[in-house]
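Q: Next input, structure requested:
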Amino acid sequence: MIRSVVTDASGPTEKKGRAHKEALPPTAGGVAPVAIGALAGLSHEFRTPLNGVLGLARLLEATPLTGEQRSYVDALRESGEHLLELVNQMLDFARLGASAIEVRSEDVALEGLLSGICELMAPRATEKHLEIGWWIAPGLGRIRGDEGRLRQILLNYVGNAIKFTRDGGVLVSVAPAGPGRIRFSVCDTGPGVSESERERIFEPFIQTDPQVDGIQLGGAGLGLAIVRSLGIAMQGVVGVGPAPGGGAEFWLEIPAPRAGGAPGRNLLRRKIGVVSPNPVVCEAAMRQVASRGGEGVAATGMEDLPVDAEVLLLDHALGLQAPPDDRPSIILLSPEDRSLIDDYRARGFAGYLIKPLRPSSLAERVLAASGGRRRVERVDDRIAPAVAPGLRVLLVEDHSINALLATAMLNRESCVVDHAPDGPEALAAIALCEYDLILMDMRMPGMTGPETAQEIRAQGVMTPIVALTANSDEDDRRTCLAAGMDEFLVKPLSAEALRRILSRVVGGWDAPTGRRRSA
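A: The predicted structure is shown next:
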């Protein structure tokens, strides 16, 4: 049986029980906890040098390279990322089979969940010239559920969608599925899944059509088996079917009571035109307009420009030199196009929005452009320049190559970095200096990251501590929080994720336990 432990985040009591009468795959069930511990240690030994390889490959990508050299580095990075994914899936699958799956009941802000997932995966989509977007059905705000498990499932779905999609993109959504139930959906414009394979695809070690355009994509066939186990533990159902317009739709339906927090309908009775050659951008924008009470009208080219829309959202991919008419026009840009903002304003565009779109920003910019509010000058955080000059960071990392990678990324953000290779040296550094941020490796020989964090908190130091971990699962996150850490970053580090943490520190840090150390 798949065993689930349901924990209410509002109190210490636990409610235990089985989710469904669904047998674990024999390859996962009955794995002894001691074997899981050994596997976790062994996987760490795999991942430590592998993270070093990936980190150096990313640093090398940022240097001047010939076309031939760049192709070699790209192949190195892609192969390493594939191997890292296999190692992570093997460990996750074994863990799920060895013990009860803990399922929390807590408030989940759907907008934060979906925007975080899509913005995290956007760079990977951009590398393949794909778009990624999301929307939430009108009237939905917060639900009761397990945010970590939901994130794990959706990241798996989105990662697969990007992997198997060549053109178009990926659309993530959430909508009601009956009284007290919610349906999460990830649609892509890829090759789809044949009807005969739709049930088998969630079985462990099963692959279906592992080639796209003749390219062998590989994989252990464990990601969707993990998704099914998590879905069952949440008393839900997972599945796959055809997506509207082609491709595949992977979905999760769970019982999830609503917890209020639905956004306002500040675009009521407003008609917004959306023009983009990409159907994912059009659909996401129209749905987000609808979630705020407005009406979206889409077109894939300027020849079909909506004539009765009062504001136009126009994709940079259209290659426009100027707004098409006197109506306020807002340009849609990727973060990589940030240098074009001033140029577009000089050409007469009323503003910009960064993809993947956020409904709150969309409504704000539309109201500003149409005269409903004063001009919005706030810069989207995804294109903001470095905001951490002079920030003092203590990096606690035992692996020299990973330390080199993290130090280089922090230096690019103008941080002042001290490096401690282990827990005792970190404690010694903290006794001498006051830091704005501590980045802490989870698994170090001798004194581990959580043990070091506990000692730091015991000394009364409340500097934000962010764990560096090779695992992206919810168990590691909870271990971090229980030890007094405030957040975690998954290795190999990405510049976008690191910038988000640094921005929070500069802004004063808003984590429940993290605050600046008193002088």
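Q: Give me the residues contacting stretch 404-422.
A: 51-52, 55-56, 58-59, 386-398, 400, 403, 426, 428-429, 433, 435, 439, 444-447, 468, 492-493, 495, 498-499, 502 (Cβ atoms under 8 Å, 6 or more residues apart in numbering). Yep, even glycine has a C-beta here, placed from its N, CA and C like the rest.
Q: Show the buried residues in the residues you listed.
A: Among the contacts of stretch 404-422, those buried by neighbour count (16 or more other Cβ atoms under 10 Å) are 51-52, 55-56, 58, 387-388, 391-398, 403, 426, 429, 435, 439, 444, 447, 468, 492-493, 498-499, 502.
Q: still on that earlier bit, among the contacts of stretch 404-422, which ones are in helices?
A: Among those, the ones falling in helices (DSSP state H) are 51-52, 55-56, 58-59, 400, 403, 426, 428-429, 495, 498-499, 502.
Q: from these, which two are the most distant?
A: The largest distance within the ones in helices among the contacts of stretch 404-422, taken as Cβ to Cβ, falls between Arg58 and Ala428 and amounts to 30.6 Å.
Q: CA atoms only: put stretch 253-262 into CSV for me.
A: Taking C-alpha atoms only, stretch 253-262 is exported to CSV below (Å, rounded to 0.1, in the frame of the first residue of the first chain):
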residue,chain,number,x,y,z
GLU,A,253,-6.9,16.3,-9.7
ILE,A,254,-7.1,16.4,-5.9
PRO,A,255,-9.5,17.3,-3.1
ALA,A,256,-8.5,20.9,-2.1
PRO,A,257,-10.8,23.1,-0.1
ARG,A,258,-10.6,26.8,-1.1
ALA,A,259,-9.1,29.2,1.4
GLY,A,260,-10.1,32.5,0.0
GLY,A,261,-7.8,35.1,-1.4
ALA,A,262,-9.3,35.4,-4.9
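Q: got the buried residues for that stretch?
A: Neighbour-count burial for stretch 253-262 [16+ other Cβ under 10 Å]: Glu253, Ile254, Pro255, Ala256, Arg258.
Q: Which residues does that stretch contact?
A: So stretch 253-262 is contacted by 107-109, 138-145, 177, 180-184, 231, 234-238 (Cβ under 8 Å, 6+ apart).
Q: Let me know the secondary structure of the closest residue to Met234 other than its chain neighbours.
A: Closest residue to Met234 apart from its sequence neighbours, by Cβ to Cβ, 6 or more residues apart in numbering: Ile254 at 4.9 Å. Per DSSP: H, G, I helix; E, B strand; the rest coil, the local secondary structure of Ile254 is strand.
Q: So what pairs up with Ile254 in the strands?
A: Counting by DSSP bridges, Ile254 forms beta bridges with Ile182.
Q: Look up how far Gly231 lies from it.
A: To Gly231, Ile254 is 7 Å away according to Cβ to Cβ, to the nearest Å.
Q: Name the residues contacting each of the two.
A: What both Ile254 and Gly231 touch, as defined by Cβ under 8 Å, 6+ apart, is the set Val237.
Q: Would you mind confirming that Ala317 makes contact with Val280?
A: No: Ala317 is beyond contact range of Val280, at 11.8 Å (criterion: Cβ atoms under 8 Å).
Q: neighbour-wise, which of the two wins?
A: A direct count of neighbours by other Cβ atoms under 10 Å for Ala317 and Val280 places Val280 higher, at 25 against 18.
Q: Okay, strands next: where are they in the stretch 251-400 of the chain?
A: Taking DSSP state E, counting those that start in this stretch as the test, the strands found in the stretch 251-400 of the chain are 271-275, 295-299, 311-315, 329-333, 351-354, 392-396.
Q: Now distance to Arg151 and mean pLDDT too, for those, in CSV please.
A: Formatted as CSV, these follow (distance: least, Cβ to Cβ, whole Å; pLDDT from 0 to 100):
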stretch, distance to Arg151, mean pLDDT
strand 271-275, 28, 97
strand 295-299, 27, 96
strand 311-315, 28, 97
strand 329-333, 26, 97
strand 351-354, 22, 95
strand 392-396, 26, 94
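Q: Which among these is found nearest to Gly80?
A: If we rank these by Cβ to Cβ, the stretch that ends up nearest is strand 392-396, at 21.9 Å.
Q: Parallel or antiparallel, list what pairs with the closest one.
A: Applying DSSP bridges, strand 392-396 is found paired with strand 416-420 (parallel), strand 437-441 (parallel).
Q: Can you redo the ones you listed as TSV, where the extra columns are mean pLDDT and distance to Val172?
A: Output for the strands paired with strand 392-396, formatted as TSV (pLDDT from 0 to 100; distance: least, Cβ to Cβ, whole Å):
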stretch	mean pLDDT	distance to Val172
strand 416-420	88	36
strand 437-441	96	29
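Q: ok, the residue of the chain most remote from its centre to Leu171 distance?
A: Distance from the C-alpha centroid of the chain peaks at Asp326, with 37.9 Å (Cα atoms, centre = their mean). Using Cβ to Cβ, Asp326 is found at 32 Å from Leu171.
Q: Can you name the residues in contact with the helix or strand containing Arg144?
A: Per DSSP states H and E: Arg144 is located in strand 142-145. With contacts defined as Cβ under 8 Å, 6+ apart, strand 142-145 is touched by 105-110, 182, 234, 254, 256-261.
Q: what pLDDT, on average, does whichever helix or strand comes after that strand get?
A: The element immediately downstream of strand 142-145 (helix or strand, assigned by DSSP H and E) is helix 147-164. Helix 147-164 shows a mean pLDDT of 89.
Q: Show residues contacting the next helix or strand along the chain from helix 147-164.
A: As assigned by DSSP H and E, the chain's next helix or strand after helix 147-164 is strand 169-176. With contact meaning Cβ under 8 Å, 6+ apart, strand 169-176 is reached by 110, 114, 117-118, 121, 125, 130-137, 139-140, 154, 157-158, 161-162, 182-189, 278-281, 283-284, 287.
Q: go again using 7 Å as the cut-off
A: The list of residues contacting strand 169-176 from outside it, by Cβ atoms under 7 Å, 6 or more residues apart in numbering, reads 110, 114, 117-118, 125, 130-137, 140, 154, 158, 161-162, 182-189, 278, 280, 283-284.
Q: Leu252: how many residues sit nearby?
A: 25.
Q: residues touching it, list them.
A: Leu252 touches Ile153, Phe184, Gly231, Gly236, Val238, counting by Cβ under 7 Å, 6+ apart.
Q: Which one of these is nearest to Gly273?
A: Phe184 (28.7 Å).
Q: ok, how many other residues are close to the closest residue to Leu267 other than its chain neighbours?
A: Excluding its sequence neighbours, the residue lying closest to Leu267 (Cβ to Cβ, 6+ apart) is Gly294, at 3.3 Å. Look at Gly294: counted by other Cβ under 10 Å, it has 23 neighbours.
Q: hang on, the earlier thing: now, which of the contacts of Leu252 lie within helices?
A: Filtering these for helices - DSSP H - leaves Ile153, Gly231.
Q: Please tabulate the contacts of Leu252 in JSON lines, including the columns neighbour count and distance to Ala75.
A: Shown next, in JSON lines, are the contacts of Leu252 (neighbours: other Cβ atoms under 10 Å; distance: Cβ to Cβ, whole Å):
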{"residue": "Ile153", "neighbour count": "26", "distance to Ala75": "30"}
{"residue": "Phe184", "neighbour count": "25", "distance to Ala75": "34"}
{"residue": "Gly231", "neighbour count": "26", "distance to Ala75": "35"}
{"residue": "Gly236", "neighbour count": "26", "distance to Ala75": "39"}
{"residue": "Val238", "neighbour count": "21", "distance to Ala75": "33"}
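Q: Give me the below-cutoff pLDDT ranges for the stretch 201-350 of the chain.
A: For the stretch 201-350 of the chain, the stretches flagged by pLDDT under 70 are 204-221.
Q: Show me where it has its helices.
A: 223-233, 279-291, 341-346 (DSSP state H, counting those that start in this stretch).
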